[in-house]
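Asks: Following is a predicted model, sequence given first.
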There are 4 protein chains.
Amino acid sequence: MSEPEIAELTRLVREFSTERDWQQFHDPKSVILALVGEVGELAELFQWVPAHEAVERFSSPDRHERVAEEMADVLVYLVCLADVLGVDLGEAARAKLAASHERFAADQVRGVAPHKP
Amino acid sequence: MSEPEIAELTRLVREFSTERDWQQFHDPKSVILALVGEVGELAELFQWVPAHEAVERFSSPDRHERVAEEMADVLVYLVCLADVLGVDLGEAARAKLAASHERFAADQVRGVAPHKP
Amino acid sequence: MSEPEIAELTRLVREFSTERDWQQFHDPKSVILALVGEVGELAELFQWVPAHEAVERFSSPDRHERVAEEMADVLVYLVCLADVLGVDLGEAARAKLAASHERFAADQVRGVAPHKP
Amino acid sequence: MSEPEIAELTRLVREFSTERDWQQFHDPKSVILALVGEVGELAELFQWVPAHEAVERFSSPDRHERVAEEMADVLVYLVCLADVLGVDLGEAARAKLAASHERFAADQVRGVAPHKP
């Protein structure tokens, strides 16, 4: 029976923090600022790339790895924040998506078309 | 044999997009802006809360659910971006954490103490 | 002799905080989170708009006003943070731009072309 | 008669872009991503600093200059975005603060106390 993936990441993030004795720094506001820092690095990778070239540009192995690393950093801090706050991140995301799906189905019945933007 | 958790979320996010015909909007830069929007909503929940009260403040059921929802939104857009870019998010996070762990172990051997900030 | 513009905004932001007795909340980390919240709202306005339509889309009076308000909020928290930290924001921006200009001129002499991305 | 400060910054930012031929990159979504990148760098400076030490920590000359530079970068991209969108940033901020002040005065008359958070 394998460990659920987000639980595994949570365990790894917690080990990372405890081996360095960094839990003391991980109050929610600080972790959110760290998350913001990582989202900023992700944004920087894409800022000047023309929108329609972005997928292709990041398909080269080195760029693909670079963006994967930045996204990993975002996920790590999100998992860290969830751990600090006692949030079940996977469950929350599944619940959110299920609720959106039901709302969408109900809108379909009423003939309401979802549109962006 | 159960579906890995992030693969499941990816499937759900993709269903969400296809049933609305929204994949057309999901170029990387747009999804990053959506991620930024959700991180902003998360930040707003905590901005004026004293740092040392933040965990307790968000332990009441309604606030706990509110923050879980905002975190779910962040995860959903991160999963969406990973899908668009072909990034294996769970693998990337595990690799990042494993690399950090090895670096830490090497630093320990050399007597280098990790410190924040 | 008129008051410099950023000094005026700083004075107005300070009046805004003092009349509500909100300086107590304005430690740097909290103000940065508030700034992040406003940047998130700005990002949300543009997230699903095709890049090449963005300028035109926000030229209609109501949308123009909406985006101006969100940008004003970002500036207000940036000015607030500068006030809390004793940073002369206008001077810092002028110095940064002057330094970039000199670097550019030196690169030109050496035949280095600046390029993005 | 001196040039208003934000108009001056706008002129300098525009010169910066034109001398490098970078206006082509400055569509609103791209500039917002750049703004997000700079806000991320600002957040990183403060993320692990205890909230009550943040002001003092950034009062040493080198740290003060570092944070001033990051804030300058945020302002530069905000001014750039305003220029691209034809937004009068100073006027928008003054209008926002004046409206807040009037709302506050009206609330006072009605005995409504403003409170955060």
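Replies: Arrived safely.
Asks: Next one, pLDDT for whichever residue of chain A sits closest to chain D please.
Replies: Distance from chain D to each residue of chain A (C-beta to the nearest C-beta) is smallest for A:Gly40, at 1.4 Å. In short, each C-beta sits where N, CA and C put it, glycine included. Looking at A:Gly40, its pLDDT is 98.
Asks: residue contacts, the spatially most central residue of chain A?
Replies: Centroid-nearest residue in chain A: A:Leu75, 4.3 Å away (criterion: C-alpha atoms, centre = their mean). Listed by C-beta atoms under 8 Å, 6 or more residues apart in numbering or on different chains, the contact set of A:Leu75 reads A:Leu9, B:Leu75, B:Leu78, B:Leu89, B:Ala92, B:Ala93.
Asks: Pull the most distant pair out of those.
Replies: Pairwise distances across these peak at 14.2 Å for B:Leu75 and B:Ala92 (criterion: C-beta to C-beta).
Asks: Now tabulate the contacts of A:Leu75 in a markdown table and tack on pLDDT and secondary structure.
Replies: Putting the contacts of A:Leu75 into a markdown table (pLDDT from 0 to 100; DSSP: H, G, I helix; E, B strand; the rest coil) gives the following:
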| residue | pLDDT | secondary structure |
| --- | --- | --- |
| A:Leu9 | 97 | helix |
| B:Leu75 | 98 | helix |
| B:Leu78 | 98 | helix |
| B:Leu89 | 97 | helix |
| B:Ala92 | 97 | helix |
| B:Ala93 | 97 | helix |
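Asks: before we move on, back to that, pull up the gap between the residue nearest to the centre of chain A and B:Arg103, please.
Replies: 19 Å (C-beta to C-beta, to the nearest Å).
Asks: what does A:Glu38 give?
Replies: Counting by C-beta to C-beta, the gap from A:Glu38 to B:Arg103 is 18 Å.
Asks: again, but for A:Ser2
Replies: Noted for A:Ser2: a distance of 27 Å to B:Arg103, by C-beta to C-beta.
Asks: Who has more neighbours out of these two?
Replies: More crowded of A:Ser2 and B:Arg103, by other C-beta atoms under 10 Å in any protein chain shown: B:Arg103, with 12 against 8.
Asks: does that one belong to a helix or a strand, and which?
Replies: Assigned by DSSP states H and E, B:Arg103 belongs to helix B:89-109.
Asks: hmm, who's touching that helix?
Replies: In contact with helix B:89-109 (C-beta under 8 Å, 6+ apart) are residues A:5, A:8-9, A:12-13, A:15-16, A:19-20, A:68-69, A:71-73, A:75-76, A:79, B:4-6, B:78-79, B:82, B:113-114.
Asks: what number of residues lie near the closest residue to A:His52 other than its chain neighbours?
Replies: Of all residues beyond its chain neighbours, the one nearest A:His52 is B:Asp27 (7.0 Å), with distances taken as C-beta to C-beta, 6 or more residues apart in numbering or on different chains. B:Asp27 has 22 neighbours, counted by other C-beta under 10 Å.
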